[in-house]
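**Student:** give the three-dimensional model of this entry:
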Amino acid sequence: MIGTSYFRRIFTGAALSAASLLLDPAGPLAATAFTVVAAGDMSADEAILWTRTVDAATSRPVATALTAQLAAEPEFRKILFTYKGATDPARAGTIKIEATGLNSHTRYFYRFVSDTGEISPIGRFTTAPRDDETVTVRFAFSGDAHGAWRPYPLVQRFGELNLDYFVFLGDTMYETASDLCISGRARSRWVCTLIPMMRASSSNKQYIGSAIGESSLMT
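**Tutor:** Next up is the predicted model:
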């Protein structure tokens, strides 16, 4: 059992939900296509929903009026909440919608539907418990996503793990695949200073030496 106050410190504003796992493929190719869906920043009664739309023929970002729908089951037999918005080409065709009025510690399924009928993949998320609730949760965390580990074999099992939350701890700044630092074309010089320090640390040597993905997920 996990006390709620401890839980909220970890997850509120930090957790990226397992909702970013696509539970269902998008429908037939249409004028507008959804590239992915995601949810995060869950509180006891709110969550942030995210998606991106592109032109299906050119893959260029497009403005799309849409509705975010929430349901208690992936079949969407009963729509519990709807939220209106529009994607913005100036922001790579993305949108963030604040889903409000939700129940605490509740799993929701969500999708986006364009005004012309295109339907996004389905995601899911679980809201945080209230401060006065003590609940059992199942979560995973990961970090150090070195590009050499792709396609990150352990995260391919996310759909099977039935997670409530997923927390990504970051540390993705290994700039080892180009000569930007050597040529002086790197945008952030502090990165070029930090990388040699990281390579010199014993912990980082161990990290680089085990680039087969075992530690990319812990549950």
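**Student:** the chain: helices as residue ranges?
**Tutor:** For the chain, the helices defined by DSSP state H occupy 4-11, 158-161, 180-183, 189-200, 202-209.
**Student:** which of those has the lowest average pLDDT?
**Tutor:** Comparing mean pLDDT across the helices of the chain, the lowest value falls on helix 202-209: a mean of 38.
**Student:** wait, doesn't A128 sit right on S104?
**Tutor:** Yes: if you go by Cβ atoms under 8 Å, A128 and S104 touch, sitting 6.8 Å apart. C-betas here are computed from N, CA, C, even on glycine.
**Student:** give me the more crowded residue out of those two.
**Tutor:** Between A128 and S104, counting by other Cβ atoms under 10 Å, A128 is the more crowded of the two (28 against 18).
**Student:** wait, what's in contact with G93?
**Tutor:** T35, R52, T53, V54, R60, P61, V62, A63, T64, T87 (Cβ atoms under 8 Å, 6 or more residues apart in numbering).
**Student:** name the nearest residue to it, sequence neighbours excluded.
**Tutor:** Leaving aside its sequence neighbours, G93 sits nearest to P61 (Cβ to Cβ, 6 or more residues apart in numbering; 2.8 Å).
**Student:** so what's the one you found bridging to?
**Tutor:** Note on P61: beta-bridge partners V54, judged by DSSP bridges.
**Student:** which residues touch it?
**Tutor:** Listed by Cβ under 8 Å, 6+ apart, the contact set of P61 reads R52, T53, V54, D55, T87, P89, R91, A92, G93, T94.
**Student:** at 10 Å what do you get?
**Tutor:** 35, 52-55, 87-94 (Cβ atoms under 10 Å, 6 or more residues apart in numbering).
**Student:** can you pull the domain assignment for this protein?
**Tutor:** Using automatic domain parsing, the domain ranges for the chain come out as 2-137, 140-216.
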